[in-house]
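In: structure for this input, please:
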Amino acid sequence: MNLKILRLTLHSAAPMRGDAAKLRGFFATSFNEHALLHQHVTDKLIYRYPLIQYKMLDGSPLVMGINEGAEVLKDIYDKFDEIKLGESNYTIMERGVTVKSEEFGCTEEILSYSFAMPWLALSQENYAKYVAASEEERRDLLRRILVGNILSASKGLGYVAKEHIRLDLGRMKDEICMLKGTKVTGFRGEFTTCFAIPDHMGLGKSVSRGFGAVMRLK
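Out: Prediction:
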């Protein structure tokens, strides 16, 4: 299937200091009427794959809208002249908007990806299994979780995989990340799969906050 993808990039005179959670907070506060920006309706969390995802790449914000999320970003992308991240305000000097139709789903081609942002793969239950596992068992556990993450994203986007998703993990390196003030384990590394995923799209937990963003390797 094809997804409508809008990528909004924002540039200030100075590098913007803050994480994707603060970026998400700015948009949620400024445009509270759009539920897709913050995944809440009357204070209740919307449990579905986020159609708007926030990333901080080298000091520049990138906001990604998928399908209906792209329409929301199209409505609001020019409705602000500065952005507040934490206690700091930044004047927007330049904004870039691209809209593309991009492939998502099973493909006959083997594609390679890397995680541009840490992938939050493990739940509390899976973390206990991971710690107790051998190296080979850890690799297999992460591989199965990543296939599950792709299937979960597919379900949220209305795509049904008609065939088994083949996937192989390269070397994965773990790192400590902060999520809502708590230390969690994330992973960076590469994987190959017969599944097309648009650049910057997130897999795993907390993808709206930028985690698990993938980039296709050329």
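
In: who are the contact partners of the residue lying farthest from the centre of the chain?
Out: Centroid-distance maximum for the chain: residue 134 at 28.8 Å, with Cα atoms, centre = their mean. Residue 134 makes no contacts at all, as judged by Cβ atoms under 8 Å, 6 or more residues apart in numbering. For every residue, glycine as well, the C-beta is placed using N, CA and C.

In: separation between it and residue 140?
Out: 10 Å (Cβ to Cβ, to the nearest Å).

In: for residue 60, same thing?
Out: In terms of Cβ to Cβ, residue 60 sits 37 Å off from residue 140.

In: tell me where the model's unsure across the chain.
Out: Low-confidence segments of the chain (pLDDT under 70): 39-47.

In: so which bits of the lengthiest helix in it are buried?
Out: Assignment by DSSP state H gives helix 135-156 as the longest helix of the chain. Neighbour counts over helix 135-156 (16 or more other Cβ atoms under 10 Å) mark 138-139, 141-143, 145-147, 149-150, 153-154 as buried.

In: relative to residue 38, which of these is nearest.
Out: residue 153 (19.2 Å; Cβ to Cβ).

In: tell me the contacts of the closest one?
Out: The contact partners of residue 153, by Cβ under 8 Å, 6+ apart, come to 49, 201, 203.

In: what sits against the nearest residue to the second one once chain neighbours are set aside?
Out: The shortest distance from residue 201 to any residue that is not its chain neighbour, by Cβ to Cβ, 6 or more residues apart in numbering, is 6.2 Å, and that residue is residue 214. Residues counted as contacts of residue 214 (Cβ under 8 Å, 6+ apart) are 113-116, 197, 199-203.

In: what kind of secondary structure is residue 214 in?
Out: Under DSSP: H, G, I helix; E, B strand; the rest coil, the three-state class of residue 214 is strand.

In: all good on my end, thank you.
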